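Colleague: Quick one: sequence and predicted model below, then my questions.
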Amino acid sequence: MENKDKTIIGFEQWLIEEGKANTTIQSYLGDIKQYLNYMSEKGTDSMFLPRFSFVRYKQHLIDDNYKSTTIDKKINSLKVFNDYLILIGELSESYIQLKKDRVPISSESEHVVTALNENEVERLLFYIEDIRKVSIRNKLIIYLLLYIGVRISELIGIKRSEIDWLTIRGKGGKDRNVPMNDTLIRQMKDYLANHRPMTES
């Protein structure tokens, strides 16, 4: 466990040195920790990314009804982590191929989701920091859509009591719990405290 923690800390420091935005870093770390927790529950304590483990995890996300865009974002995070493990000599090759591993929108659609790449995410995050162009409310909406992958119908159902963990009811009435990272919690609390009148929800 100690070596795993050191690697995660090293990964975070590398992202900082690469000039990634804090929100991007927290998103990567959240996705990596979610993957590691899943593998730990399956009895595998290794942080490395053999192809079998990755495919197994991807199928788990699909079975849990995560949106295709959310799964693609998590795949991208794992690919970045995979690249870091290669950089530090822990892996010799990449087990993730973004073009191959992205998820189709749905069986009834002929289109394939193309997730935002890192540069597009960085540009979007930079743009929404300008309060002259983007309101606090719309900034929060973009954060929620970008980092937890909720649908619009799910977004409007979020309640005040669900700040630390969101319970999202997806298609078919199936619920899933979505953790909120520190950045999202701060954004939501700031909006609720300073920019929106108090309501029962």
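Modeller: Noted; the coordinates are in hand.
Colleague: buried residues in the host helix or strand of T183?
Modeller: If you go by DSSP states H and E, T183 is part of helix 182-194. By neighbour count on 16 or more other C-beta atoms under 10 Å, the buried set for helix 182-194 is T183, L184, Q187, M188, Y191. Every C-beta, even on glycine, is put in place using the N, C-alpha and C of the backbone.
Colleague: from these, which two are the most distant?
Modeller: Across the buried residues of helix 182-194, the longest distance by C-beta to C-beta is 12.8 Å; it joins T183 and Y191.
Colleague: coming back round to it: who does the helix holding T183 touch, helix- and strand-wise?
Modeller: In terms of contacts (3 or more C-beta pairs under 8 Å, 6 or more residues apart in numbering; DSSP states H and E), helix 182-194 is packed against helix 22-41, helix 136-147.
Colleague: Show the subsequent helix or strand relative to the first one.
Modeller: Using DSSP H and E, the helix or strand that follows helix 22-41 in sequence is helix 51-63.
Colleague: Where in this structure is the helix or strand with the lowest mean pLDDT?
Modeller: strand 165-169 (a mean of 58; mean pLDDT, DSSP states H and E).
Colleague: before we move on, back to that, rebuild the helices and strands packed on helix 182-194 as CSV, extending it with mean neighbour count, distance to T7 and mean pLDDT.
Modeller: What follows is the helices and strands packed on helix 182-194, written out as CSV (neighbours: other C-beta atoms under 10 Å; distance: least, C-beta to C-beta, whole Å; pLDDT from 0 to 100):
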stretch, mean neighbour count, distance to T7, mean pLDDT
helix 22-41, 18, 10, 89
helix 136-147, 18, 23, 80
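Colleague: Outline the domain layout of the protein.
Modeller: Using automatic domain parsing, the domain parsing of the chain gives 2-101, 130-194.
Colleague: Tell me how far S40 lies from D5.
Modeller: S40 sits 13 Å away from D5 when distances are taken as C-beta to C-beta, to the nearest Å.
Colleague: wait, Y38
Modeller: On the measure of C-beta to C-beta, Y38 and D5 end up 17 Å apart.
Colleague: Repeat that for L144.
Modeller: Distance from L144 to D5, by C-beta to C-beta: 29 Å.
Colleague: quick one: low-confidence parts of the protein?
Modeller: Applying pLDDT under 70 to the chain picks out residues 1-3, 44-50, 104-118, 147-151, 158-181, 195-201.
Colleague: 90 - rerun?
Modeller: Counting by pLDDT under 90, the chain contains low-confidence residues at 1-7, 18-24, 36-72, 75, 79, 82-83, 85-86, 88-201.
Colleague: hang on, the earlier thing: out of the buried residues of helix 182-194, which one sits closest to G157?
Modeller: Using C-beta to C-beta, M188 is the member of the buried residues of helix 182-194 that lies nearest G157, at 14.3 Å.
Colleague: With just CA atoms, put the helix holding T183 into PDB.
Modeller: Output of helix 182-194 as PDB, limited to C-alpha atoms (Å, rounded to 0.1, in the frame of the first residue of the first chain):
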ATOM      1  CA  ASP A 182     -12.900  18.800  -3.400                       C
ATOM      2  CA  THR A 183     -13.000  21.200  -6.300                       C
ATOM      3  CA  LEU A 184     -16.700  20.300  -7.100                       C
ATOM      4  CA  ILE A 185     -17.700  20.500  -3.500                       C
ATOM      5  CA  ARG A 186     -16.200  24.000  -3.200                       C
ATOM      6  CA  GLN A 187     -17.800  25.200  -6.400                       C
ATOM      7  CA  MET A 188     -21.200  23.800  -5.300                       C
ATOM      8  CA  LYS A 189     -21.000  25.200  -1.800                       C
ATOM      9  CA  ASP A 190     -20.000  28.700  -3.100                       C
ATOM     10  CA  TYR A 191     -22.900  28.700  -5.500                       C
ATOM     11  CA  LEU A 192     -25.400  27.600  -2.900                       C
ATOM     12  CA  ALA A 193     -24.100  30.000  -0.200                       C
ATOM     13  CA  ASN A 194     -23.600  33.100  -2.300                       C
END
